[in-house]
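A.B. asks: model this:
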Amino acid sequence: MKKIFAAVLIQLGMTTFAFATLDAQLEGLYNKAAQQGGDAIEASYEAFKVAQQKNPTDPAALFYLGASETLMAKESWLPWKKVGYAENGIARMDKALRMLEELENPGRSAKGMPRDLLFKGIAATTFTKVPAFFNAFDRGFELYGELMGDPRLSHMPVQAVSWIYCGALEAADLGEKSELKSEWQAEAKTRGALPLCQPDKDQ
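C.D. replies: The predicted structure is shown next:
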């Protein structure tokens, strides 16, 4: 694991600038961790810890650290560690979102998506899927409400944001919000995102 983490730091150049901006390499590091799991999660967690320590006022560094902590919770075999990682991760992500709200220009992700939309989407997905005893569902559902009411979402390529529409519909199901689900489903259908939420069904 130490070799993996060292390789990550070498790839990132270990520069304050790289950590401060959370460029495509760091964004890619989190995406890789989320997709591959295992060692990739621990490597991203260690890298984002360093990033946040170097730039404690950077909401992006704080957000990705929190997001990687929630991934660590899934990997840990020890119940108390699972709870600790998840609680810290949720708290950091929420704090980062509130920090972003204070910025006039939150910036864009490496793929061009407004960073506040991206982070809200990741947080909403995470918060609505963690166990109920973390009391995060309502906050996650609130974030989905903000996303679905944000006019910028409809101007993004549907392939890039279909996961937000799909997550919102799933959360509305879990929260038994049938009226809101119908409204969001109609919007997802209009945007062409609905078929992407039903990959196993005839389209």
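
A.B. asks: any idea how far the residue positioned nearest the centre of the chain lies from Met99?
C.D. replies: Most central residue of the chain, judged by C-alpha distance to the mean C-alpha position with CA atoms, centre = their mean, is Ile122 at 2.2 Å. Counting by CB to CB, to the nearest Å, the separation of Ile122 from Met99 is 15 Å. For the C-beta atoms, the positions are set from N, CA and C on the backbone; glycine is no exception.

A.B. asks: just the helices in this structure please.
C.D. replies: Along the chain, counting by DSSP state H, helices occupy 2-12, 16-21, 24-36, 39-54, 59-75, 79-101, 115-127, 137-148, 158-174, 178-191.

A.B. asks: what is the mean pLDDT for the second one?
C.D. replies: pLDDT averaged over helix 16-21 equals 39, rounded to a whole number.

A.B. asks: which residues touch the residue nearest to the centre of the chain?
C.D. replies: With contact set as CB atoms under 8 Å, 6 or more residues apart in numbering, Ile122 has these partners: 63, 67, 93.

A.B. asks: will you turn these into CSV that also has pLDDT and distance to Ser162?
C.D. replies: Formatted as CSV, the entries for the contacts of Ile122 read as follows, by pLDDT from 0 to 100; distance: CB to CB, whole Å:
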residue, pLDDT, distance to Ser162
Phe63, 92, 22
Ala67, 91, 20
Met93, 95, 22
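
A.B. asks: so which of those residues is the closest to Asn31?
C.D. replies: The shortest distance between Asn31 and any of the contacts of Ile122, using CB to CB, involves Ala67 and amounts to 10.4 Å.

A.B. asks: isn't that closest one up against Asp94?
C.D. replies: No: here Ala67 lies out of contact with Asp94, judged by CB atoms under 8 Å, at a distance of 11.3 Å.
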